[in-house]
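Participant: based on what follows, work out the 3D shape:
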Amino acid sequence: MKILQLTLRVPWPPVDGGSQAMLHLAQALRRSGCTLTVAALNTSKHPAPPDALERLAPAWATDIDTRIRPGAALRSLLLGRQPYNVERFWSADHAARLAEQVATNPPDLILCEGLYLALYLDALREAAPQVPVVLRAHNVEYRIWERYAAAERRGPRRWYIEHLARRGLRFEREQLPRFDGVLAFTRADAAQFRVLGYGGPLAQLPPGIDLPEEPLAQPSISRRLGFLGSLDWLPNVQGLEWFLDSVWPAVRRLVPDAEFHVAGRRPPPALLARRDAGLRVVGEVPAAGPFLAGCTALVVPLLSGSGIRMKILEGMAWGKALVTTTLGAEGIDAPEGECLQRADTPDAFARACAELLAAPDRARRQGLAARAWVGEHCSWSALVPRYLDFFRSLAR
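Facilitator: Here you go, the predicted structure:
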């Protein structure tokens, strides 16, 4: 099967959940015998390293400046119809390259990794009207902004985020029916797409993950919590602020020598400036394994967002105990307490963290149970046939 995979950024290196989900699917489909080409936007926020396209080959990318510009944002607010965060991903050059590609070398199916790529549907339809276009929806996009706004203090910032959510809802309702098929990561997302009016072929398939050969051993230091995720993604920053302000002081009271290590690309200045006792912001790490190896347990304190969190699946795959919120664990139906712990109040979150730090053997048992669950439910060996069945049903 010949597939053209469209991505909003070059998915190499796989340093965040979105890049991992896109890259792992591409690799799994190629291993299954598919001919797959990656067509990416190379954004100014996530510029690709020089060797990225070679690692993804066959692949090509179009440079695009996605920086937020106050003047453009104001024009969009007053005169635009689409959300400004969507508009920034439009490139006439990219549309022309896509049209030429599908017209001269038509694939059996076009896979769009994210709703914002609906911007290019007109170009794709005109060049190759017979080729089905499938949306792989990593999130319900408008809900990210809706939930983010709900956790913000009232004021101009919250008002603007609510504005983006309202426009995003309208954009999602308008664009979903234009796709020939939709893949949702979670049952909740799939149900929401139906509520939004999508009546076409729809499948719920989680992002897969390749298990490391061996789980990580417990560290000699048994008092360390870790966080690993993109620090330029607003829900992560919001969740960390909540954790540090409302949860971490209680953890330190329960476990006075507890440490909290935060890893991820582009830590914001406000996070770097914090001087919380036991906190260490290490920034971007070259590989997840060595960082996770030093942690007794991981935390994913999310208050907003949508879809499945790859950082949770990755931590579970490495065999690490994990504490998150109900929203953070959305779409991950692993047994509560056995494979991961969910907590939504500062007190409950702090107690869950402290219990794992105080009982490293329990943390290890939970991590091994989590790894086994991921292997059974999210391995590519089980998922790829289901992806291909869905694609083939549309490409006939």
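Participant: distance between the helix or strand of the chain with the lowest mean pLDDT and the chain's centre?
Facilitator: Least confident helix or strand of the chain, by mean pLDDT, DSSP states H and E, is helix 70-79 with a mean of 78. Remark: helix 70-79 is offset 27 Å from the chain centroid, using C-alpha atoms, centre = their mean, to the nearest Å.
Participant: now stretch 374-388
Facilitator: Distance, stretch centre to chain centre, for stretch 374-388: 18 Å (C-alpha atoms, centre = their mean).
Participant: tell me the mean pLDDT for that stretch?
Facilitator: Taken as a whole, stretch 374-388 has a mean pLDDT of 91.
Participant: still on that earlier bit, contact partners of the least confident helix or strand of the chain?
Facilitator: 82, 83, 84, 87, 88, 160, 163 (C-beta atoms under 8 Å, 6 or more residues apart in numbering). Just so you know, the C-beta spots here come from the backbone N, C-alpha and C atoms, and that holds for glycine as well.
Participant: which is the next helix or strand following it?
Facilitator: Later in the chain than helix 70-79, the nearest helix or strand by DSSP states H and E is helix 84-87.
Participant: rewinding a little: so which bits of the least confident helix or strand of the chain are buried?
Facilitator: 73, 76 (16 or more other C-beta atoms under 10 Å).
Participant: stretch 278-292 now?
Facilitator: So, applying 16+ other C-beta under 10 Å, buried residues of stretch 278-292: 278, 279, 281, 285, 288, 291, 292.
Participant: give me the contacts around that stretch.
Facilitator: Residues from elsewhere that reach stretch 278-292 (C-beta under 8 Å, 6+ apart): 15, 212, 216, 226, 228, 231, 244, 248, 252, 257-267, 271-272, 274, 298, 314-315, 318, 320.
Participant: go with 6 Å
Facilitator: With C-beta atoms under 6 Å, 6 or more residues apart in numbering as the test, stretch 278-292 has contacts from 216, 258-263, 265, 267, 271-272, 318, 320.
Participant: report the distance from the strand or helix carrying residue 165 to the chain centre.
Facilitator: Per DSSP H and E, residue 165 falls inside helix 156-175. Centroid displacement of helix 156-175 relative to its chain, using C-alpha atoms, centre = their mean, is 20 Å.
Participant: same for that helix, what does it pack against?
Facilitator: helix 141-150 (3 or more C-beta pairs under 6 Å, 6 or more residues apart in numbering; DSSP states H and E).
Participant: tilt between the helix it packs on and helix 156-175?
Facilitator: 160 degrees (axes from the mean of the first three to the mean of the last three C-alpha atoms, to 10 degrees).
Participant: how far off centre is helix 141-150?
Facilitator: The mean C-alpha position of helix 141-150 is separated from the chain mean by 15 Å, C-alpha atoms, centre = their mean.
Participant: could you do stretch 313-332 as well?
Facilitator: Put simply, stretch 313-332 sits 13 Å off its chain's centre (C-alpha atoms, centre = their mean).
Participant: mean confidence for that stretch?
Facilitator: Mean per-residue pLDDT for stretch 313-332: 92.
Participant: what is the neighbour count of the spatially closest residue to residue 315 that is not a sequence neighbour?
Facilitator: Leaving aside its chain neighbours, residue 315 sits nearest to residue 298 (4.6 Å; criterion: C-beta to C-beta, 6 or more residues apart in numbering). For residue 298, the neighbour count with other C-beta atoms under 10 Å is 28.
Participant: Three-state assignment for residue 298, please.
Facilitator: strand (DSSP: H, G, I helix; E, B strand; the rest coil).
Participant: and if you look at residue 216?
Facilitator: coil.
Participant: ok so, going back, of the buried residues of stretch 278-292, which is the nearest to residue 95?
Facilitator: residue 288 (35.4 Å; C-beta to C-beta).
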